[in-house]
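> Based on what follows, work out the 3D shape:
(2 chains)
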Amino acid sequence: GAVVSQHPSWVICKSGTSVKIECRSLDFQATTMFWYRQFPKQSLMLMATSNEGSKATYEQGVEKDKFLINHASLTLSTLTVTSAHPEDSSFYICSARNNRGSNQPQHFGDGTRLSIL
Amino acid sequence: TQLLEQSPQFLSIQEGENLTVYCNSSSVFSSLQWYRQEPGEGPVLLVTVVTGGEVKKLKRLTFQFGDARKDSSLHITAAQPGDTGLYLCAGARYSSASKIIFGSGTRLSIRP
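Okay, here's the model as predicted:
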């Protein structure tokens, strides 16, 4: 089945560091990718939606200059958390979908646990 | 305010018992999905319902989409410890069908 790979799966870094998370669709073309954030014991909150070759659309309350999203190819999207602080510590999950054809499902990665010290 | 509210938030029952999880909204959805998530992993899709009143079965799990497409339920028969996890409903709205919004989640624990 369709597979989405996230890397790294776990990262710890110092406050003020910028961290890049990669999301790759391994066996299909991801025309749209989604980035979610999940705090402990909570549900997934959509941060932004990106279409290949276009600027990402951010949800209300999500700072676009803080969370930089690039979706330059049909198989790769990146999320960069700039100048990360402890409050940015969370579980970040990407998902990908091929919008060509109706009722295409979203495929989720296994998430990246980010801890800022 | 959560667009999709799930109830209960937490549920701990004995193995063999039945349970129902509810997902409610005041909005209409073009489709609704149920996922299960294990700690440290991404959510895994269980089912998608698209027609009002639709019922789908997946072994001991029964999913129903409300007639008005505003709510859904997940019923588990004879729960097993392997059913333990976070259950999430997620809906796609007609106005923004390109993205899905997740419900508040139900954390289920099945005791042996």
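> okay, CA-based contacts and neighbour counts for the rest of this
Noted.
> Sketch out the low-pLDDT regions of chain A for me.
A:1-2, A:101-103 (pLDDT under 70).
> could you redo the last one with a cut-off of 80?
A:1-2, A:99-104 (pLDDT under 80).
> residues from it in reach of chain B?
Contact residues (C-alpha under 8 Å from any C-alpha of the partner chain) of chain A with chain B: A:34, A:42-46, A:49, A:93, A:108-111, A:113.
> Mind doing that once more with 6 Å?
By C-alpha under 6 Å from any C-alpha of the partner chain, the residues of chain A that approach chain B are A:43, A:108, A:109, A:110, A:111.
> List just the nearest of the residues you listed to residue B:76.
Proximity of those to residue B:76 (C-alpha to C-alpha) peaks at residue A:43, which lies at 20.7 Å.
> Point me to the helix or strand that includes that closest one.
Here residue A:43 is covered by no helix or strand, with elements defined by DSSP states H and E.
> ok and the residue in chain A nearest chain B?
Residue nearest to chain B within chain A: residue A:110 (4.1 Å; C-alpha to the nearest C-alpha).
> where exactly do the strands run in the chain?
With no chain named, the answer covers chain A. Secondary structure of chain A (DSSP state E): strands located at A:4-7, A:10-13, A:19-25, A:32-38, A:45-51, A:57-58, A:67-73, A:76-81, A:90-97, A:107-108, A:112-116.
> Switch to chain B, please.
Counting by DSSP E, the strands of chain B are B:5-7, B:10-14, B:19-24, B:29-37, B:44-49, B:55-58, B:61-65, B:71-76, B:85-93, B:100-102, B:106-111.
> outside of the first one, which residues touch it?
With C-alpha atoms under 6 Å, 6 or more residues apart in numbering or on different chains as the test, strand B:5-7 has contacts from B:21, B:22, B:23, B:24, B:103, B:104, B:105.
> tell me, which of those residues make contact with chain A?
Restricting these to those near chain A - C-alpha under 6 Å from any C-alpha - leaves B:104, B:105.
> Can you redo the contacts of strand B:5-7 as JSON lines, where the extra columns are neighbour count?
Below are those laid out as JSON lines (neighbours: other C-alpha atoms under 10 Å in any protein chain shown):
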{"residue": "B:21", "neighbour count": "23"}
{"residue": "B:22", "neighbour count": "19"}
{"residue": "B:23", "neighbour count": "26"}
{"residue": "B:24", "neighbour count": "18"}
{"residue": "B:103", "neighbour count": "25"}
{"residue": "B:104", "neighbour count": "25"}
{"residue": "B:105", "neighbour count": "28"}
